[in-house]
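Student: just to be clear, the model below is a prediction. Sequence and coordinates:
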There are 2 protein chains.
Amino acid sequence: MRIVLDAIGGDHAPHETVKGAVQAARTLGCTVLLVGPEAQITEELHKHHTRGLDLQVIDAPEVIGMDEHPAHAVRRKTHSSHIVGLRMVRDGKADAFVSAGHSGASMAGALLILGRLPGVERPALGTILPTGKNPPPLLLDVGANTDCKPEYLFQFAQMGSIYAERMLGVDHPRIALLANGEEQSKGDRRVQEAHLLLLESNLRFMGNVEPKDLMTSHDYDVVVTDGFIGNLMLKMGEATVSLIASTGKNSILRNLLPRLLLGMAPTAALAALPGKGRWRALAGALLGGAGLVGASLYPLLKMRSQMDYRSYGGVPLLGVKGVVVIGHGKSDAVAIGSAIQRAWETVQSHTVQTIAEAVSATSVPRPPRAPRVPVQVSE
Amino acid sequence: MRIVLDAIGGDHAPHETVKGAVQAARTLGCTVLLVGPEAQITEELHKHHTRGLDLQVIDAPEVIGMDEHPAHAVRRKTHSSHIVGLRMVRDGKADAFVSAGHSGASMAGALLILGRLPGVERPALGTILPTGKNPPPLLLDVGANTDCKPEYLFQFAQMGSIYAERMLGVDHPRIALLANGEEQSKGDRRVQEAHLLLLESNLRFMGNVEPKDLMTSHDYDVVVTDGFIGNLMLKMGEATVSLIASTGKNSILRNLLPRLLLGMAPTAALAALPGKGRWRALAGALLGGAGLVGASLYPLLKMRSQMDYRSYGGVPLLGVKGVVVIGHGKSDAVAIGSAIQRAWETVQSHTVQTIAEAVSATSVPRPPRAPRVPVQVSE
């Protein structure tokens, strides 16, 4: 199997991308095609032991910057790693495309070069939610499309269900719609209409799910939402985690000295009593106390890493004619390696073919208009 | 001034609502009209010292349950606390309505009984974001309307700006639109069109704001979004905080013993050395260590209370003909007291009249169509 990696994409490229590619080639035994400015990638590759590994460098001299408009960039920069890499997939020279670079450019490029599967209205970007559950729930769309129609949401459910079955090992996955309440009347008009479509489908539709259950409930495997909302939700989750981590760290560090003194007070009193061993008592307390303070920072750091979206490798772009895995911009070598592995597994599992068959076999009905309710609010 | 309180609304009613009313009547020196089942409220009121306070019980025998559909409930239950209370405001017998009960019923009731201010397309529910900033930013709409048009978002900005000026003491408030990126091309079509409307308005529009800046930046006073998205964002924030708090607490408690032992190990070694004072050393370390472990739980609890939406009293429903303040369902007496105080301040500040004048003086232009961009995704 041949996986194309955008070797110049991501905040830590090409150092971490090349390192991740070497690791993946070794672990998976597959061919990794490194696309990017040839001299730079080759130089980076020479830092590694690559004997016996199938790593090839494909020249793509242009680079799409993070501040460029995706649709414009992919049309103009035809010698960029995105376009060169995706063309290889289209032309059958590679089986999958992986990039931790400009994700908008990856999606726009995939649409332009690979195109949509027949019958797919809009491709969707899925993401694995870092809830600690196993198997983890899939949320889609998290950014490929704003302004989704109910029919698109229906197809996201269909594609997500197949992905969960094939890739996450879920039997007959349970689907939910993201809304601000469980009742069928919740959500905006699009959600209400998609709700009706899903009720009538042969998917295992469980109803609406609220954010609080999204993170903790074990009752859903695939959660469907509009790309604008999904993207905002991910960002809100990340922002809240960051805010709490920094508030917590500051709070611990700010009060470190008074708290140390407070904790030491009884010990100091004990040491001040006349008799032998007072210095030993003080030293013992200091040692014990320091160990405990260090340990009190540990759960905070651990929690942060558990909720870190970076640690989940790549997420799939579903609905295009080929396997496309999009990594987080902050990916390190481990994340790149797992993104390549995810691409590898996606090819192996025939997920794209299964989606193509399912979509072409189902005609998406026009949604009935949901009944108009003047005020919809949840507690 | 006469404030109507829905004495039977909220998870802790009537115990906490009546207690909060007594406190508010004492602090503010205003009349508090307690609406609810008369016998029950009167009995509760007798538990308090109310001499010299102006507290009146108004009978409203019907109760709207939390699981009832808001629009249906307010039409059917005309003797409920919501409807009886709001009618008093409409008929000039009271100056403001406060409820911690079914918030959907409060909004539907306010629309039905008070109606919209002339020119207001849709009323909006604002909320104060618990960021620790002063003055705190106002986010609206957080649940009064799903399916907002760009013109509604424009009016939310207008109403929010006046509220921030009058009620939060912000001079010439800075407005932002919630989106998944700062660039003008981000957001869904409605956000892009509202962006254009706001750029051409005389409001102090700063552009788009992302979730990460929503919680930390000092560059915005009012953030505007659709009610469905705003409601989801609040819930996502709450869910993330809850998840982190429970994960953190579990993580601290689960590892308490091994961590205690680890922290004590050097001390134990010290105590095991031959010589005097070894027991004193051990006792000192245990005392010091226990103090520090207790203190390490403190920042977590503090953080949770800082981010607790309950502690912010009531939030305003802007755009209706009267002052309506909606409290959190979990309100205790303190929260009820501050909701009544917020209502009192809103009446004092003539916020509703100012909004009425501003809205009637501005005609909302039809939005130009935003340019269509195929793929819009942010990193």
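Tutor: Alright, I've got the coordinates. Numbering: from 1, shown residues only, chains lettered A, B, ... in the order given.

Student: which ones are touching residue A:250?
Tutor: Under the criterion of Cβ atoms under 8 Å, 6 or more residues apart in numbering or on different chains, the contact list for residue A:250 is empty. In short, each C-beta sits where N, CA and C put it, glycine included.

Student: look up how far residue B:220 lies from it.
Tutor: 22 Å (Cβ to Cβ, to the nearest Å).

Student: show me the strands in chain A, by range?
Tutor: Using DSSP state E, the strands of chain A run over residues A:2-6, A:31-36, A:55-59, A:96-99, A:124-128, A:138-140, A:174-178, A:204-209, A:222-224, A:314-318, A:323-327.

Student: so can I have a markdown table of these showing mean pLDDT, distance to chain B and mean neighbour count?
Tutor: Below are the strands of chain A laid out as a markdown table (pLDDT from 0 to 100; distance: least, Cβ to the nearest Cβ, whole Å; neighbours: other Cβ atoms under 10 Å in any protein chain shown):
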| stretch | mean pLDDT | distance to chain B | mean neighbour count |
| --- | --- | --- | --- |
| strand A:2-6 | 97 | 14 | 29 |
| strand A:31-36 | 97 | 19 | 26 |
| strand A:55-59 | 97 | 24 | 17 |
| strand A:96-99 | 97 | 12 | 32 |
| strand A:124-128 | 92 | 8 | 25 |
| strand A:138-140 | 94 | 11 | 27 |
| strand A:174-178 | 97 | 7 | 24 |
| strand A:204-209 | 96 | 11 | 20 |
| strand A:222-224 | 97 | 12 | 30 |
| strand A:314-318 | 92 | 10 | 26 |
| strand A:323-327 | 95 | 9 | 29 |
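
Student: tabulate the ones you listed (TSV), appending distance to residue B:3.
Tutor: Putting the strands of chain A into TSV (distance: least, Cβ to Cβ, whole Å) gives the following:
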stretch	distance to residue B:3
strand A:2-6	62
strand A:31-36	67
strand A:55-59	72
strand A:96-99	59
strand A:124-128	47
strand A:138-140	43
strand A:174-178	37
strand A:204-209	36
strand A:222-224	42
strand A:314-318	51
strand A:323-327	54
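
Student: which among those strands is found nearest to residue B:131?
Tutor: strand A:174-178 (24.4 Å; Cβ to Cβ).

Student: contact partners of the closest one?
Tutor: A:139, A:153, A:157, A:160-161, A:187, A:191, A:194-195, A:198, A:203-209, A:211, A:214, A:219-225, A:229-230, A:233, B:232.

Student: which strand residues bridge the residue positioned nearest the centre of chain A?
Tutor: Note on chain A: the residue nearest the mean C-alpha position is residue A:127, at 4.3 Å, using Cα atoms, centre = their mean. Listed by DSSP bridges, the beta-bridge partners for residue A:127 are residue A:139.

Student: how about the residues of the stretch 51-200 of chain A by chain B?
Tutor: A:66, A:69-71, A:102-104, A:107-108, A:111, A:125, A:143-147, A:178-180, A:185, A:187-189, A:191 (Cβ under 8 Å from any Cβ of the partner chain).

Student: how close does residue A:214 sit to residue A:195?
Tutor: Taking Cβ to Cβ, one finds residue A:214 at 16 Å from residue A:195.

Student: number of nearby residues for residue A:91?
Tutor: 9 (other Cβ atoms under 10 Å in any protein chain shown).

Student: mind showing which ranges of the stretch 101-250 of chain A have poor pLDDT?
Tutor: For the stretch 101-250 of chain A, the stretches with pLDDT under 70 are A:248.

Student: in it, which spans are helices?
Tutor: A:103-109, A:150-167, A:189-199, A:211-216, A:227-254 (DSSP state H, counting those that start in this stretch).

Student: flag every buried residue along the last one.
Tutor: What that stands for is helix A:227-254. A:227-241, A:243-245, A:247-248, A:251-252 (16 or more other Cβ atoms under 10 Å in any protein chain shown).

Student: out of the residues you listed, which are close to chain B?
Tutor: Among these, the residues lying close to chain B (Cβ under 8 Å from any Cβ) are A:227-229, A:231-233, A:235-241, A:243-244, A:247-248, A:251-252.

Student: wait, residue A:6 touches residue A:35, no?
Tutor: Yes: using Cβ atoms under 8 Å, residue A:6 is in contact with residue A:35, at 5.8 Å.

Student: any residues in contact with both of these two?
Tutor: Between them, residue A:6 and residue A:35 share the contacting residues A:81, A:85, judged by Cβ under 8 Å, 6+ apart.

Student: just the CA trace of stretch A:79-90, in CSV.
Tutor: Taking Å, rounded to 0.1, in the frame of the first residue of the first chain, the C-alpha atoms of stretch A:79-90 are listed here in CSV:
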residue,chain,number,x,y,z
HIS,A,79,2.5,22.5,-7.6
SER,A,80,1.8,22.5,-3.9
SER,A,81,2.0,19.3,-1.7
HIS,A,82,-1.8,19.2,-1.4
ILE,A,83,-2.4,19.2,-5.2
VAL,A,84,0.5,17.0,-6.2
GLY,A,85,-0.4,14.5,-3.4
LEU,A,86,-4.1,14.4,-4.2
ARG,A,87,-3.4,13.9,-7.9
MET,A,88,-1.4,10.8,-7.1
VAL,A,89,-4.4,9.4,-5.3
ARG,A,90,-6.7,10.3,-8.2
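
Student: and the closest residue to residue A:340 other than its chain neighbours, what does it touch?
Tutor: In space, residue A:340 comes closest to residue A:24 once its chain neighbours are excluded; the distance is 3.9 Å by Cβ to Cβ, 6 or more residues apart in numbering or on different chains. By Cβ under 8 Å, 6+ apart, residue A:24 lies in contact with A:3, A:30, A:32, A:336, A:337, A:340, A:341, A:344.

Student: and those residues, which of them are in helices?
Tutor: Within the contacts of residue A:24, residues falling in helices by DSSP state H are A:336, A:337, A:340, A:341, A:344.

Student: which one of the residues you listed is nearest chain B?
Tutor: residue A:336 (16.3 Å; Cβ to the nearest Cβ).

Student: how about that closest one: what's its closest non-neighbour residue?
Tutor: Residue A:336 sits nearest to residue A:20 (Cβ to Cβ, 6+ apart), 2.7 Å away.

Student: verify the stated contact: that neighbour with residue A:333.
Tutor: Yes: contact between residue A:20 and residue A:333 holds when scored by Cβ under 8 Å: they sit 4.0 Å apart.

Student: settle it for me: which of those two has more neighbours?
Tutor: Neighbour count, other Cβ under 10 Å: between residue A:20 and residue A:333, residue A:20 has more, with 31 against 18.

Student: number of nearby residues for residue A:14?
Tutor: Count around residue A:14 with other Cβ under 10 Å applied: 23.

Student: excluding sequence neighbours, find me the nearest residue to it.
Tutor: Looking at residue A:14 with Cβ to Cβ, 6+ apart, the closest residue is residue A:44, at 4.6 Å.

Student: what sits against the one you found?
Tutor: A:7, A:14, A:15, A:18.

Student: let's see 10 Å
Tutor: Going by Cβ atoms under 10 Å, 6 or more residues apart in numbering or on different chains, residue A:44 touches A:7-8, A:13-19, A:21-22, A:34, A:36, A:57.

Student: nearest to residue B:82, out of the strands of chain A?
Tutor: That would be strand A:204-209 among these, by Cβ to Cβ, at 25.2 Å.

Student: direction included, what does the closest one pair against?
Tutor: Strand pairing for strand A:204-209, determined by DSSP bridges: strand A:174-178 (parallel).

Student: any idea how far the partner strand is from the chain center?
Tutor: Relative to the centre of its chain, strand A:174-178 is centred 18 Å away, using Cα atoms, centre = their mean, to the nearest Å.

Student: quick check: angle from it to helix A:227-254?
Tutor: 80 degrees (axes from the mean of the first three to the mean of the last three Cα atoms, to 10 degrees).

Student: quick one on the thing from earlier: just the buried ones from the contacts of residue A:44?
Tutor: Burial by neighbour count, 16+ other Cβ under 10 Å: within the contacts of residue A:44 this picks out A:7-8, A:13-14, A:16-19, A:21-22, A:34, A:36, A:57.
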